[in-house]
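**Student:** A predicted structure for the sequence below; I have some questions about it.
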Amino acid sequence: MKNPFKFKWLLWLIPLVLGLAFTNQSCSSSPQKASALSGDAASAVYVAPGEYDEFYAFLSGGFSGQVSVYGLPSGRLLKVIPVFSQDAEKGYGYNEETKPMLNTSFGFIPWDDAHHPELSQTKGETDGRWLFINGNNTPRVARIDLTTFETAEIIEIPNSGGNHSSPFTTENTEYVVAGTRFGVPVPQQDVAINTYAENFRGAQTFIKVDPDNGEMNIEFQVLLPAFDYDLAHSGKGKSHGWTFFTSYNTEEKSTLLEVNASQNDKDYIAAINWKKAEEYIAQGKFQEVPANYAHNVLNEKTHSATTKMQDKVRVLIPSECPGLVYFLPTPKSPHGVDVDPTGEYIVGNGKLSADLTVHSFTKVLEAIENKSFETEIEGIPVLKYEEIVAGIVEKPGLGPLHTEFDDKGNAYTTFFISSEVVKWKVGTWEVLDRAPCYYSVGHLMIPGGDSGKPDGKYMVALNKITKDRYLPTGPELNHSAQLYDISGDKMKLLLDFPTIGEPHYAQGILASKIVPNSKKFYPLEENEHPYAAKGEKFTKVERTSSNEVHVYATTIRSHFAPDNIEGIKVGDKVYFHVTNLEQDWDTPHGFAVMGARTAELLIMPGQTETMIWEPQKVGVYPFYCTDFCSALHQEMQGYIRVSPSTSNMPMKWSLGEDEFTQ
């Protein structure tokens with residue numbers, strides 16, 4: 001039997017071979033590498049000791065489940081923020097206060113695949129208040145408070161499989177959107193996989209954000225056909241009120257997608273009018289669908305997270321809500337969808353197209369007004385392709401993925417196969433410049449480059465392969481971020497630096513938008529943790545049941561209170577509630593005890609954190625500070641005496657000559 005796909009495979013191999021040839025040329029090209037080491041490039045990224053970087057860059061950790069924070073232009077790693085993964089350095093997900101952050105409807109899940117950080121915006125400009133990030137595997141969206149650089153909230157996304165086109169903000173952070181990558185049955189049920197087209201759907205989620213405190217709430221979902229929804233961006237300016245999602249697998253297949261999901265000449269960008277959705281919600285034209293999802297919120301006053309399980313979600317059906325959704329045909333297998341700073345142009349990055357297609361929002365509205373529809377899919381009109389195209393960037397490169405914009409009317413698009421970033425002019429569609437990347441670039445980031453007010457100074461390319469760029473570290477090398485100067489006519493490579501995990505996307509922002517609001521410590525008088533000891537006179541040890549003990553402890557340079565504890569028995573569950581009494585910037589204290597089966601505590605000034613310790617053996621066990629805090633850091637220690645489970649040893653504790661008993 002002849003293979004019907006054989007010739008099509010050859011067609012796909014041609015650009016791949018060309019791409020590999022281009023990559024090999026890049027690998028052997030030394031002039032670009034030499035220029036990156038020149039004195040001019042070095043001076044351009046040099047930040048003197050004691051000086052601050054101009055920008056923050058927030059890079060997703062991909063399979064690390066974290067967010068890493070770098071300074072630009074130096075490329076210095078400033079912090080790793082744990083979000084969906086436990087972090088032994090900070091005790092996140094191990095201490096009792098933050099364990100609830102990792103609760104889901106599937107139980108406690110201490111890992112996720114974090115792809116797309118997204119800064120909050122006001123009037124289309126990044127404002128430095130919050131950073132949102134998606135969990136792709138177990139669908140979740142997290143909010144990071146940029147006054148503390150700590151994860152403040154995580155909400156699970158129901159009716160979703162692969163929360164990839166997420167969490168992109170609207171112009172004033174009215175919503176963060178979360179689109180499902182994989183179609184799934186809605187609600188979930190036991191159905192045959194080969195009934196995909198009939199029984200699966202793609203839910204796009206709109207999460208309302210409180211403008212005062214940032215707290216999130218799933219406002220509604222829009223139920224679309226079971227395409228794969230890849231990425232999203234919301235409109236701005238004239239297109240404010242709309243969100244655009246790329247889709248592929250419009251063939252609605254469930255197997256061998258590299259062939260079966262590439263049959264249609266074009267796929268679609270789903271354009272959702274969320275202002276119209278709000279009207280339908282107000283009119284009650286939604287269905288309430290049973291759902292089971294977790295909403296985890298960290299209270300800054302108690303320093304503790306709580307989980308609330310939700311049981312339903314409001315769903316809009318496009319066939320019942322005219323004008324809610326339209327499909328924009330775009331070249332096949334689009335990845336990114338990007339909106340220029342004016343909100344007029346929508347770039348669909350079709351991975352399998354030799355050209356780059358740009359849609360006009362004005363023409364989209366005209367096509368809707370004139371009912372210029374090709375067809376209809378499940379009640380959703382498909383606009384005529386030729387009626388909505390603004391222009392085409394012809395043969396810019398191979399494998400376009402993502403586009404961002406500068407402040408001069410230019411666009412920058414990554415090309416994965418040909419390993420390059422191409423600069424082109426918005427409106428004339430002419431290619432202005434191209435710069436090789438090392439190697440296989442995915443996303444790119446220009447600070448503010450997806451907002452209405454880009455900072456057109458730097459561009460960061462996030463590359464997937466780094467062989468020969470760094471000292472070898474075995475079979476796996478860290479991914480690479482490369483910093484380019486884009487202030488002139490030509491892009492200039494300045495720096496590359498290794499990154500943590502597998503960054504997919506990044507966001508950049510002027511440091512001046514964040515630094516003035518950065519919290520330096522937690523005021524003790526505002527500490528409402530139920531087990532806080534706000535001074536050494538409040539420290540104590542209480543046995544509350546036959547095998548449960550609570551230690552109210554404090555830490556300050558350079559001792560713990562208490563520093564000697566007796567009366568603990570084998571089999572006890574001992575809760576160490578440790579309050580850091582410091583009220584000074586950058587003076588955390590650590591707490592670790594021998595035999596603990598969790599992680600250390602790293603307690604910020606004014607905070608209270610809790611560790612559970614369950615002694616298994618009789619003996620005397622030390623505890624100590626893990627964070628170097630003073631010249632007498634080594635002396636910052638204590639002892640716990642553990643007696644047999646049958647012992648009658650009374651509970652007592654001491655600091656110096658002062659001894660107390662329960």
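**Tutor:** Noted; the coordinates are in hand.

**Student:** In this protein, which residue is most central in space?
**Tutor:** Nearest to the geometric centre of the chain sits residue 133, at 2.5 Å (C-alpha atoms, centre = their mean).

**Student:** For the one helix or strand it maps to, what is the distance to the chain centroid?
**Tutor:** According to DSSP states H and E, residue 133 maps onto strand 125-135. Taking C-alpha atoms, centre = their mean, to the nearest Å, the mean C-alpha location of strand 125-135 is offset from the chain mean by 9 Å.

**Student:** Let me know the angle separating the helix or strand following it from strand 125-135.
**Tutor:** Next in sequence after strand 125-135, counting helices and strands by DSSP H and E, comes strand 140-145. Angle, strand 140-145 to strand 125-135, by axes from the mean of the first three to the mean of the last three C-alpha atoms, to 10 degrees: 140 degrees.

**Student:** any idea how far residue 643 lies from residue 597?
**Tutor:** Distance of residue 643 to residue 597, computed by C-beta to C-beta, to the nearest Å: 20 Å. C-beta coordinates here come from the backbone N, C-alpha and C atoms, glycine included.

**Student:** who has more neighbours, these two?
**Tutor:** residue 643 (17 against 9; other C-beta atoms under 10 Å).

**Student:** Is the more buried one bridged to anything, and to what?
**Tutor:** residue 569 (DSSP bridges).

**Student:** Can I get stretch 271-279 in CSV, CA atoms only?
**Tutor:** Taking C-alpha atoms only, stretch 271-279 is exported to CSV below (Å, rounded to 0.1, in the frame of the first residue of the first chain):
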residue,chain,number,x,y,z
ALA,A,271,-11.1,36.6,18.3
ILE,A,272,-13.2,36.9,21.5
ASN,A,273,-15.1,40.1,22.3
TRP,A,274,-14.9,40.0,26.1
LYS,A,275,-16.9,43.2,26.4
LYS,A,276,-19.7,41.5,24.6
ALA,A,277,-19.2,38.5,26.9
GLU,A,278,-19.7,40.8,29.9
GLU,A,279,-23.0,41.9,28.4
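
**Student:** what's the offset of it from the middle of its chain?
**Tutor:** 25 Å.

**Student:** avg pLDDT for that stretch?
**Tutor:** Average pLDDT, stretch 271-279: 98.

**Student:** buried sites along it?
**Tutor:** Going by neighbour count (16 or more other C-beta atoms under 10 Å), the buried part of stretch 271-279 is 271, 272, 273, 274, 276, 277, 278.

**Student:** Keep only those of these that are in strands.
**Tutor:** Among the buried residues of stretch 271-279, DSSP state E puts 271, 272, 273 in strands.

**Student:** Now the strand holding residue 133 - C-alpha only, CSV.
**Tutor:** Extracted as CSV, the C-alpha positions of strand 125-135 are listed here (Å, rounded to 0.1, in the frame of the first residue of the first chain):
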residue,chain,number,x,y,z
GLU,A,125,1.5,50.1,30.0
THR,A,126,3.3,47.8,32.4
ASP,A,127,2.8,49.1,35.9
GLY,A,128,5.1,46.9,38.1
ARG,A,129,2.3,45.7,40.5
TRP,A,130,2.0,42.0,39.7
LEU,A,131,3.5,39.3,37.6
PHE,A,132,1.2,36.4,36.4
ILE,A,133,2.5,33.0,35.3
ASN,A,134,0.8,29.9,34.0
GLY,A,135,1.1,26.3,35.1
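
**Student:** Packing partners of it?
**Tutor:** Under the contact criterion of 3 or more C-beta pairs under 8 Å, 6 or more residues apart in numbering; DSSP states H and E, strand 125-135 touches strand 118-122, strand 140-145, strand 161-169, strand 506-510.

**Student:** List the neighbours of the longest one that are in contact with it.
**Tutor:** In this case it means strand 161-169. 115-116, 118-121, 132-137, 139-141, 157, 175-184, 204-205, 207, 209, 229-234, 243, 245-246 (C-beta atoms under 8 Å, 6 or more residues apart in numbering).
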